[in-house]
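1. any chance you can model this:
(chains A, B, C and D)
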Protein chains: 4
Amino acid sequence: MNLHGIFPPIATPFKNDEIDLDGMKANVAKWMKTGLAGVLVLGSNGEAPMLDADESFRVASAARESVPAGKTLIVGAGEESTRSTIAAVKRAAQAGADVVLVRTPCYFKNQMTTDLFVRHFTAVADASPVPVLPYNVPGLTGVNMAAEALARLSSHPNIPGVKDSSANLTQIADLVAITPPDFTVLVGSAPTLYASLCVGAVGGIVAAACVVPDLIVQLYDLARAGKHADALALQRQITPLAKSVTTSFGVAGLKAAMDLAGYVGGAPRHPLPPATPQMIDTIRGQFAALGVAV
Amino acid sequence: MNLHGIFPPIATPFKNDEIDLDGMKANVAKWMKTGLAGVLVLGSNGEAPMLDADESFRVASAARESVPAGKTLIVGAGEESTRSTIAAVKRAAQAGADVVLVRTPCYFKNQMTTDLFVRHFTAVADASPVPVLPYNVPGLTGVNMAAEALARLSSHPNIPGVKDSSANLTQIADLVAITPPDFTVLVGSAPTLYASLCVGAVGGIVAAACVVPDLIVQLYDLARAGKHADALALQRQITPLAKSVTTSFGVAGLKAAMDLAGYVGGAPRHPLPPATPQMIDTIRGQFAALGVAV
Amino acid sequence: MNLHGIFPPIATPFKNDEIDLDGMKANVAKWMKTGLAGVLVLGSNGEAPMLDADESFRVASAARESVPAGKTLIVGAGEESTRSTIAAVKRAAQAGADVVLVRTPCYFKNQMTTDLFVRHFTAVADASPVPVLPYNVPGLTGVNMAAEALARLSSHPNIPGVKDSSANLTQIADLVAITPPDFTVLVGSAPTLYASLCVGAVGGIVAAACVVPDLIVQLYDLARAGKHADALALQRQITPLAKSVTTSFGVAGLKAAMDLAGYVGGAPRHPLPPATPQMIDTIRGQFAALGVAV
Amino acid sequence: MNLHGIFPPIATPFKNDEIDLDGMKANVAKWMKTGLAGVLVLGSNGEAPMLDADESFRVASAARESVPAGKTLIVGAGEESTRSTIAAVKRAAQAGADVVLVRTPCYFKNQMTTDLFVRHFTAVADASPVPVLPYNVPGLTGVNMAAEALARLSSHPNIPGVKDSSANLTQIADLVAITPPDFTVLVGSAPTLYASLCVGAVGGIVAAACVVPDLIVQLYDLARAGKHADALALQRQITPLAKSVTTSFGVAGLKAAMDLAGYVGGAPRHPLPPATPQMIDTIRGQFAALGVAV
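-> Coordinates of the predicted model:
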């Protein structure tokens, strides 16, 4: 199982408000023809909090059918309680996940200590049939998991790495520095992808990879090959579009960009609003600036 | 249906990690002998995010059996998507809820606008078999629903009021000022209960009411009767304990205080930690300072 | 010396970018004909951080000439170092201050502990020729001074009270509860003035008192007299204007409102922008809604 | 005038609470024998907010005597008003500054817009006898100056660059990308120095350079030479000490580390506390881990 490289956190398309498995499989088939290392389904950009358990199982199962051998299927599976999270990772494994991505609990914010995170992820990893990647995404959860938690978790045989979407380079660098050399640090912020690779991250799960997979893989390859000037130049070109499909316009922006790039996108589930015409124009301009025909 | 007065946001007891419906019903029976106006089940203090849909249904149904006519059963039912929230409020209504309490969506934080809240709660209220109370709890969700949203929602015939746990008195006062006179503003912060009643709130859903229901009802009655000096004096006495059972020690503190006060409490679900001996000592001292034998 | 009641935190007018002492004295003379208990000069709304030491001395001296016996002149005097703050309070006393208002240090934010605040204000109060009011204004300083600091400072013979502009009613109530009965808690947020008086504050230093002094004094008198319904009704009427002259439109809003109300206002110093025509229209409408001819 | 490279933001030593110019000059003389590009006096770590105007002038003048030709003397000079800031930069220039570093205004936080920053820094740069570096330090000021402000300011002939201490690599990368190629982006966070150099920063003003100047210069040289693996390895070694002398232990930590490293350090001015014995032990251990004899 390979966790290095670039993974798109894929969107979940809907048709008449129902999950559109055919649309998703068509998307995955296209992505799997590129240099992407696999896919993440049921992440934040997959609107995981908008799907029920049954839908989640069907999405993961459908993804499994479309991800070939040699590519890695990561399935999101985080819940608030340890018990529910264990149930979710078992369902994900049954659906065919190679690895599960488990976000931090977050609802009871002032209880979220390093000790709690260590206890939670240890119990989940003990029970999970497949390897577990803890997932830190403070912009959405409102809580940060400190590098110290991973220093302790990284010795667990079923925790091979972490995804950190904080875009905090001090923390990314710390994660690499205080975990073993073979511990996999993946990042979740495309605008800081090159900087993160510089400090030792070995890959990324970034929304921009859903819409310009070849360019993100190229950026990764340049950085890994030590072609720093070229990597930085490409990072700069990609950053504006990368912001639109996450921080600026949210899932709606990602899906609109997917529609433009020839994937099945559509609108997010209510109450999330669809992209406005102005957002779509902005995104179209960003594709044009990248020389990507849409 | 009466929404004025004091409601305890009741804890969900567990036995061997399974929901303890007998324990909960015993608790409710005791609370219903007091001047409390009813109960809220499946709120934040009920660890709603730790329960699955089936457990939630059983908890709500059990509460229904224990809440007599003349008292109001409020059931928590918030989810991230409008669709899931509608499903949850229908299940809650089927279980016997008189009213549902629906927290704001919050995961996609930078998308959470007033327009989104209005659209979401309007759709939920349109579909709900029972009245809907929107619930603003920024300390847990990380997002605030501005008073402007309620100004627009308060004309909906199926939205009789709101619960606001921001402890922001400017906002509480604004909510009362810009909604119709018969719109019910309930607050969720015991340390500001008296101040909130001063500015026009007509009740509270506060954790302290789980452990000292008579005192909280007395505070409410004093304030409503215009006995301001007595109400303030009582507020001051109650505040230290009120902090312990929410902000300071979380659900663990609430459950430990319930154990001391003769209710079925226990520990929260993992990964939430149980109360430490030091916390329990603090709480014991606060009961003593209130003259409550425990 | 009386610290109970309502004090306007007066603006500093400028003419050709120089301090306009005549304008200020004319304003003070008008305010001193009302029921205001005195004035605060060189507070945040006085643009204290925009004035140098010499200007500050002249402003305080000019105010002294205009504040009659029986009214209290409070002069702002906070700096970052203890040493500079002591120098500033001595200058303020020399200029005629009855009391000095000393904001918390704030620049080195993560060093600002309760111990530091106690050490700082104790040293300042030891050295000050006049009584010292510590001033907590987290919206501007970015740091909060907890009630615990005042619990310790309130026994100092030269610290008769505190001004708290946090608008946090839990904290205001705590300040009253954990300090001696004769310790003066003044608040700095007009939208929460009535609620603060309910929980035991004995006055306010609020910008709205610069533009509708009679109404703010009336609100204070109603609350003190236990006429709660009338006080709340008046609070509600005042709140929209009160927001404009602080949180919404800043010092520029306050000065524009002063111009409309017949005081010498003008523009703030650069780089603060003047009020826009749209802001002025909003404020004009808020005066009209209050029945105040402008 | 050279702005590329590494500058220490030097501490201001005190003796009996008075500025110790001899101590400072001895420190500067030692620093100037290294590969450092110059020094910054009167920055945050120089306790600029703790000094009055006269002290500041004397500190800058003394530094001028100790900084040889070919090295750059940067003097901090930010105030809240445009007028006061212009006066301060003129004094700094008179004292011999090659360049002035001007922090953003920050007190009236909700007024601090991109337009305000552009207006302020344009007026300051118009009036300044020497080049002006705007300085963004949100961790201390509580406000962030967006890259958009610098995109507009970078065309001013008297604004050759910027110092950004946000440690936000998206923003650092944006600053480089949207300003002209010869615009100088300096960073103020040693733990992200290497990552910042990767994305195009051309130097740093970092506290760690006060205590291990040779190592920071070596890190800079390695990064500039494209020796990425070595640079990253050195960054990792330096990071723990770098945290102690800023974020963790503040100015007190920096001064204690200076004492250990053979510079004149001492304690910060009141109310800032001195380093505790435990902090000093931690720092001593971090020097040892770096192989630096202290």
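
2. check which residues of the strand or helix carrying A:Ile172 are buried.
-> Using DSSP states H and E, A:Ile172 sits within helix A:169-178. Judged by neighbour count using 16 or more other C-beta atoms under 10 Å in any protein chain shown, the buried positions of helix A:169-178 are A:169-177. The way it works is simple: take the backbone N, C-alpha and C, and place the C-beta from them, glycine included.

3. next one: stretch A:124-136
-> Per 16+ other C-beta under 10 Å, stretch A:124-136 contains these buried residues: A:124-125, A:127-128, A:130-136.

4. so which of the residues you listed reach chain C?
-> Taking C-beta under 8 Å from any C-beta of the partner chain as the test, chain C is in contact with none of the buried residues of stretch A:124-136.

5. now, among these, which is nearest to chain C?
-> A:Asn136 (22.0 Å; C-beta to the nearest C-beta).

6. and the pLDDT at that closest one?
-> If you check A:Asn136, the pLDDT there is 98.

7. in contact with the nearest residue to it once chain neighbours are set aside, which residues?
-> In this structure, A:Asn136 finds its nearest non-sequential neighbour in A:Met145, 4.3 Å apart by C-beta to C-beta, 6 or more residues apart in numbering or on different chains. Residues in contact with A:Met145, defined by C-beta atoms under 8 Å, 6 or more residues apart in numbering or on different chains, are A:104, A:112, A:114, A:117, A:134, A:136.

8. again, 10 Å this time
-> A:103-106, A:112-114, A:116-118, A:121, A:134-138, A:153, A:162, A:164, A:166, A:171, A:175 (C-beta atoms under 10 Å, 6 or more residues apart in numbering or on different chains).

9. next one: the closest residue in space to A:Met258 that isn't next to it in sequence from A:Pro213, what distance?
-> Distances taken as C-beta to C-beta, 6+ apart place A:Gly265 nearest to A:Met258, at 3.5 Å, with adjacent residues excluded. Distance, A:Gly265 to A:Pro213, by C-beta to C-beta, to the nearest Å: 15 Å.

10. the residue nearest to A:Asn136 should be in a helix, yeah?
-> No - with DSSP: H, G, I helix; E, B strand; the rest coil as the criterion, A:Met145 is assigned coil and is not in a helix.

11. next, count neighbours for A:Ala233.
-> 15 (other C-beta atoms under 10 Å in any protein chain shown).

12. per-residue pLDDT, it?
-> 98.

13. repeat for the one 10 residues further on
-> The per-residue pLDDT reported for A:Lys243 equals 97.

14. again with A:Val294
-> 88.

15. for A:Thr72, which non-adjacent residue is closest in space?
-> Nearest one to A:Thr72, counting by C-beta to C-beta, 6+ apart, is A:Gly38 at 3.3 Å.

16. the strands in the stretch 101-250 of chain A, which residues?
-> A:132-136, A:161-164, A:184-187, A:203-205 (DSSP state E, counting those that start in this stretch).

17. wait, which of these is closest to B:Ser196?
-> Nearest of the strands of the stretch 101-250 of chain A to B:Ser196, taken as C-beta to C-beta: strand A:132-136 at 35.9 Å.

18. show me what that closest one packs onto, helices and strands only.
-> Secondary-structure packing of strand A:132-136 (3 or more C-beta pairs under 10 Å, 6 or more residues apart in numbering or on different chains; DSSP states H and E): strand A:72-76, strand A:99-103, helix A:114-127, helix A:147-153, strand A:161-164, strand A:184-187.

19. make JSON lines from the ones you listed and add distance to B:Val202 and mean pLDDT to it.
-> Shown next, in JSON lines, are those (distance: least, C-beta to C-beta, whole Å; pLDDT from 0 to 100):
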{"stretch": "strand A:72-76", "distance to B:Val202": "42", "mean pLDDT": "98"}
{"stretch": "strand A:99-103", "distance to B:Val202": "38", "mean pLDDT": "98"}
{"stretch": "helix A:114-127", "distance to B:Val202": "37", "mean pLDDT": "98"}
{"stretch": "helix A:147-153", "distance to B:Val202": "44", "mean pLDDT": "98"}
{"stretch": "strand A:161-164", "distance to B:Val202": "46", "mean pLDDT": "98"}
{"stretch": "strand A:184-187", "distance to B:Val202": "49", "mean pLDDT": "98"}
